[in-house]
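Visitor: I'd like to go over a predicted model; first the sequence, then the structure.
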Amino acid sequence: MLAPVKEEKRTVSLSLEDEKWLSKALNAEEIKDIDISDMKVKATDLMLMALGYCFGITIQAYTNHKGYKIEDVKIEVIGEKHPKENRYERLSINVSFKSDLTEEQITRVMEIGKRGCTVGNTLEKGAIIEKKYIG
């Protein structure tokens, strides 16, 4: 049996203003240089980063499409551990950005982010995971 996740909460933060956010987060020179087998990066961190990045690029695409100006996009994803099972029980996405959008527009941006993020939708609704040894 696998050992349960030790941390009760795990947080990753990223800024979408910097194109090299991933290589900086993983402390690598360039994306092509990343070899996670040599790093102390947890698979759960990669999952949280994927969720945050997917949500972020979704809201950026929507705001660009609508002609809304948003700047300094920062996303924090928090995974809260289930007390008895080896999984996260809750994932929270905290988003901040500078803009002159109304509260109604911001609400819509967040709705589109939720609806359009494939990673978030997969985690929220679940997926069949087939496992097979192929030798």
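Guide: Received the coordinates, thanks. Residues are numbered from 1 along each chain as shown.
Visitor: Please, which helix or strand holds residue 98?
Guide: According to DSSP states H and E, residue 98 maps onto strand 88-99.
Visitor: Would you map the strands across this structure?
Guide: Here the chain has its strands, by DSSP state E, at 9-15, 70-81, 88-99.
Visitor: So what touches the first one?
Guide: Okay, so that is strand 9-15. For strand 9-15, the external contacting residues (C-beta atoms under 8 Å, 6 or more residues apart in numbering) are 21-22, 25, 42, 44-45, 48-49, 52-53, 56, 72-81, 88. No exception for glycine: its C-beta is placed from N, CA and C like everyone else's.
Visitor: biggest helix in the protein, by residue count?
Guide: Counting by DSSP state H, the longest helix found in the chain is helix 43-66.
Visitor: Direction-wise, compare it with strand 88-99 and give the angle.
Guide: Interaxial angle, helix 43-66 versus strand 88-99 (axes from the mean of the first three to the mean of the last three C-alpha atoms, to 10 degrees): 40 degrees.
Visitor: in helix 43-66, what's buried?
Guide: Buried residues in helix 43-66, counting neighbours by 16 or more other C-beta atoms under 10 Å, are found at 44-45, 47-56, 58-60, 62-63.
Visitor: same deal with stretch 88-98?
Guide: Buried residues in stretch 88-98, defined by neighbour count with 16+ other C-beta under 10 Å: 88, 91, 93, 95, 97.
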